[in-house]
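> Quick one, structure for this:
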Amino acid sequence: MKKLLTVTVLAAGLVSFSAHAAGGIEKRSLDELHKAALKEGGTLVVYAGGDTPDQQNGIKEAFEKRFPGMTLDVVVDYSKVHDARLDQQFAQKQVVADVVQLQTLQDFPRWSKEGRLLPYKPRGWDKVYTHFKDKNGAWTGVFVDAFSNLANTQALGNVKPPLDAPDYLNPELKGKIVSTYPNDDDAVLFWYKQAIDRHGWAWMENFMKQEPHFVRGTQAPSDEVTAGKYAVTFSSDGALKPDASSPVRFTLPSNDGFVAWAQRAAILKGARHPESARLYLSWLLDKDTQQNVWYMWSVRTDVPAPAGYQPIWKYRNANLAGFERFMADRDAVERFRSRIRLYVGDVKGPSSAGELGLTPTKAIDPASVSKN
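Model (predicted):
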């Protein structure tokens, strides 16, 4: 009897393992995953790309509300810092995160080849747009972010909101533009590259005559436009369904390119809380989460875009594949970054995400972070 019980337990374990390791899509319900996550402790550490310590608080609150007893610790830092942090942790065998979700698209194929990622196809994986996921489940896009025009109509007054790069050369916008340092964020750098490829370096020279204000991080431009300190930016995202009472509007260009990508997420091999990680990724891809938690486009093909918009992959000027190629060619990125620096100078100011050290496991206090 004891031998039979042992065999049964081993078989059950093999079935569970095969569902995750053999390439199958997760079959368990969110509630079943929740129970499994609670059994392993009910905690989860996510390294998330972002600009401010509290930027992912909405995700944290929604997750913990949906799954009582779970604690989600989201550690936010610039993606380019998190990826270096992870490479150092890999080298020192000190990995503390369970899940990583970053803008640095080029890292995921590399980490997969190095055996750093635990393949997993979350619930809803089959509904994710084909080009937003690894065919073997090493990583998947979990939400779409995009940088385009953000304008405060009150701060603009009678000035027409800019849509394309040449519109930002309107003399009436002089001193009213805020931008993330392009040499500090690769997605913003790609926005500038598209503008310069289309309009030439003369556009950049004339843009600098507009006396734009440069800041660190992509949250600051949004905050400053929302507050009316500056009238416009193109280096931040915005709600596709705006608050009717707000003067801030997010718009796409009529002719020029903008920047969009699916933020990639993966479970790290050797994660301390693998079931919690599976729950988190399956919840992120859940249709309800995609419709009601994130404020831009969904990565799922069965979730319609907000009224007035197409699915992000329908916009040729989003140049999704171009951004992925750009991020993968690090030599070209660094050459272009060096040329942009000739115009905007060195990046100045402290990190908007704060200094988190080598192995952070919890978000830092936003009050401890210096402002731009």
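> shaky segments in this protein?
1-22, 371-372 (pLDDT under 70).
> How are the strands of it distributed by residue range?
43-49, 71-77, 99-102, 117-118, 140-152, 178-180, 213-215, 232-236, 248-251, 259-268 (DSSP state E).
> any chance of those strands in CSV, plus mean neighbour count and distance to residue 83?
Where C-beta positions appear, they are placed from N, C-alpha and C, glycine not excepted. Shown next, in CSV, are those (neighbours: other Cβ atoms under 10 Å; distance: least, Cβ to Cβ, whole Å):
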stretch, mean neighbour count, distance to residue 83
strand 43-49, 24, 9
strand 71-77, 22, 10
strand 99-102, 28, 6
strand 117-118, 22, 13
strand 140-152, 24, 17
strand 178-180, 26, 18
strand 213-215, 21, 22
strand 232-236, 28, 21
strand 248-251, 17, 28
strand 259-268, 25, 11
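> so which of the ones you listed gets nearest residue 186?
Across those, residue 186 has its closest neighbour in strand 259-268 (9.5 Å, Cβ to Cβ).
> Run the angle between that closest one and strand 140-152 for me.
For strand 259-268 against strand 140-152, the angle by axes from the mean of the first three to the mean of the last three Cα atoms, to 10 degrees is 140 degrees.
> So that it lines up with my notes, have the first residue be 362 from now on.
Sure thing, new numbering starts at 362, so read that last one as strand 620-629.
> Put the alpha carbons of strand 620-629 into PDB.
Below are the C-alpha coordinates for strand 620-629, written out as PDB (Å, rounded to 0.1, in the frame of the first residue of the first chain):
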ATOM      1  CA  VAL A 620       7.000  53.900 -29.900                       C
ATOM      2  CA  ALA A 621       5.100  50.800 -28.800                       C
ATOM      3  CA  TRP A 622       6.100  47.400 -27.400                       C
ATOM      4  CA  ALA A 623       4.800  44.500 -25.400                       C
ATOM      5  CA  GLN A 624       6.500  44.500 -22.000                       C
ATOM      6  CA  ARG A 625       8.000  41.000 -21.600                       C
ATOM      7  CA  ALA A 626       7.800  38.900 -18.500                       C
ATOM      8  CA  ALA A 627       9.300  35.600 -17.600                       C
ATOM      9  CA  ILE A 628       9.800  33.300 -14.600                       C
ATOM     10  CA  LEU A 629      13.400  33.000 -13.500                       C
END
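> ok, residue 725 - contacts?
414, 715, 717 (Cβ atoms under 8 Å, 6 or more residues apart in numbering).
> now the closest residue to residue 591 other than its chain neighbours: how far from residue 513?
Nearest residue to residue 591 in three dimensions, chain neighbours excluded: residue 539, at 3.9 Å (Cβ to Cβ, 6 or more residues apart in numbering). Residue 539 is 11 Å from residue 513, where distance means Cβ to Cβ, to the nearest Å.
> Overlap in contacts, these two.
586, 591, 593.
> Output the residues you listed as JSON lines; include the columns distance to residue 639.
Converted to JSON lines, the shared contacts of residue 539 and residue 513 look like this (distance: Cβ to Cβ, whole Å):
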{"residue": "586", "distance to residue 639": "38"}
{"residue": "591", "distance to residue 639": "42"}
{"residue": "593", "distance to residue 639": "42"}
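> Closest one of those to residue 628?
The closest of the shared contacts of residue 539 and residue 513, once distances to residue 628 are taken by Cβ to Cβ, is residue 586, at 35.9 Å.
> Wait, that closest one touches residue 596, no?
No. In this structure residue 586 lies outside contact range of residue 596 using Cβ atoms under 8 Å: 10.2 Å.
> what is in contact with these two at once?
Listed as contacting both residue 586 and residue 596 by Cβ under 8 Å, 6+ apart are residue 539.
> Show me what the residue most central in space within the chain is bridged to.
Centroid check for the chain by Cα atoms, centre = their mean gives residue 624 as the closest residue, at 4.1 Å. Going by DSSP bridges, residue 624 is paired in beta bridges with residue 504.
> got a list of what it touches?
410, 462, 463, 464, 502, 503, 504, 505, 506.
> The fifth one against residue 489, yeah?
Yes. Judged on Cβ under 8 Å, residue 502 makes contact with residue 489 at a distance of 6.4 Å.
> Mutual contacts of these two, please.
With Cβ under 8 Å, 6+ apart as the test, residue 502 and residue 489 both reach residue 660.
> What distance do you get for residue 400 to residue 430?
From residue 400 across to residue 430, the span is 11 Å (Cβ to Cβ).
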